[in-house]
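[1] this one's sequence-less:
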């Protein structure tokens, strides 16, 4: 069974959960990012927490059982097809480990050169293009 890792801004977490359910109905195993519990993290712990969580997700993306990365790149604060810094850091990990890389929507303009060079596939909202 193919495993897809979903990535994106944590502000899109509810949307990611929705897509997880839809993709699982197609027979895929789906991994979501961990939900952050910022209330329990002191300001002194934030950077260490982010390092640990990022490395753990990089490992999941690189894992041999992962076949693809799906980036939920919805509009955020008026920015179309938004991809944040951490999500952008995850995309070249998937590229390096030869995973398919999908964008839920279209190419994010500021990173278009890299995304196109890494053969990212914009789904433009059509999950039927996942394979």
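    Alright, I've got the coordinates. Not measured: the values here are computed from a predicted model.
[2] longest helix of the chain?
    Longest helix of the chain, by residue count under DSSP state H: helix 46-62.
[3] buried set for it?
    Buried residues in helix 46-62, counted by 16 or more other C-beta atoms under 10 Å: 57, 60, 61. From N, CA and C alone the C-beta is placed, and that goes for glycine too.
[4] That one - contacts with which helices or strands?
    Contact analysis of helix 46-62 by 3 or more C-beta pairs under 8 Å, 6 or more residues apart in numbering; DSSP states H and E lists strand 3-8, helix 85-96 as its packing neighbours.
[5] Could you look up the next helix or strand downstream of the shortest one?
    Counting by DSSP states H and E, the element after strand 3-8 in chain order, helix or strand, is helix 13-24.
[6] list the contacts for the spatially most central residue of the chain?
    Of all residues in the chain, the one closest to the mean position by C-alpha atoms, centre = their mean is residue 7, 1.6 Å from it. The neighbourhood of residue 7, defined by C-beta atoms under 8 Å, 6 or more residues apart in numbering, consists of 33, 57, 61, 69, 70, 71, 72, 87, 90, 91.
[7] For the residue of the chain most remote from its centre, give me its contacts.
    Going by C-alpha atoms, centre = their mean, the residue of the chain most distant from its centre is residue 44, 26.7 Å out. Contacts for residue 44 (C-beta under 8 Å, 6+ apart) come out as none.
[8] on that earlier part again, the residue nearest to the centre of the chain and residue 91: what is the separation?
    As judged by C-beta to C-beta, to the nearest Å, residue 7 and residue 91 stand 8 Å apart.
[9] thinking again about what came up before, tell me the secondary structure at the residue farthest from the centre of the chain.
    Of the three states, residue 44 takes helix according to DSSP: H, G, I helix; E, B strand; the rest coil.
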